[in-house]
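Participant: Provided below for reference: sequence and predicted model.
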Amino acid sequence: MNYERPWDARLAYYLIYPLRDSRITPNHLTCLRLMFGVLAAIALASGNYFWSNIGAICFVISNFLDHTDGELARLTGKLSKKGHYFDLVSDAMVNIILFMGIGTGLMHSNLGGWALPMGIIAGFSVAAIFHIRHQIEQSVGKTQARQPNYGGFEAEDVLYLLIIVTTMEWLTPFLILASVGAPLFSLWVWR
């Protein structure tokens, strides 16, 4: 296991570095992350191939932006408990509504009425994973609770592949796997 900074966090640092003396705050970047997450969920809820791909692109941007607020906060010394809490709530909201959007969009697929409950289960399970990890960080410290990464990639980076999932029209198996895998992984993290 390697605990080096992941690639997306490194890239975020270099991209936001020019903002260090600007009027842009970490909370502005959190709001932008939240906005792209909402746009992703709305587009994915359409169930349309084109809009699902737009939604996946919006989510990838949102997922990347999640690293920028913390990088800017550390770089400018604007770390705050309120900002950290806002970031955590935004993370949870984006993941919940993302999977709800996918579930809504797949209600006219073979999953039928099961799609939305599956999306809700997956979304809340992913949010639970983030919450449990935060609780672990609170008790043992962020450094000790840092998730392992391999070659600069973390487990959560798999979500960057959503654009491949939508392009290949694999949202149905993706939702099935997420609705089973995310609850199991949340139990593993909790344990």
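Facilitator: Nice, thanks for sending it over. Residues are numbered from 1 along each chain as shown.
Participant: Next, count neighbours for Trp190.
Facilitator: Residues lying near Trp190 (other CB atoms under 10 Å) number 13. In this view, the C-beta of every residue, glycine as well, is placed from N, C-alpha and C.
Participant: centroid residue for the protein?
Facilitator: Nearest residue to the geometric centre of the chain (CA atoms, centre = their mean): Asn63, 4.8 Å.
Participant: Can you report the mean pLDDT over the residues of the strand or helix carrying Ile96?
Facilitator: For Ile96, the host element (DSSP states H and E) is helix 81-105. In this model, helix 81-105 has an average pLDDT of 95.
Participant: Buried residues in that helix, which are they?
Facilitator: The neighbour-count check on helix 81-105 (16 or more other CB atoms under 10 Å) flags 83-84, 86-88, 90-105 as buried.
Participant: Repeat that for stretch 34-52.
Facilitator: Buried residues in stretch 34-52 (16+ other CB under 10 Å): 34-45, 47, 51-52.
Participant: which residues make contact with it from outside it?
Facilitator: 54-56, 58-59, 61-62, 65, 90, 93-94, 97-98, 100-102, 104-109, 166, 169, 171 (CB atoms under 8 Å, 6 or more residues apart in numbering).
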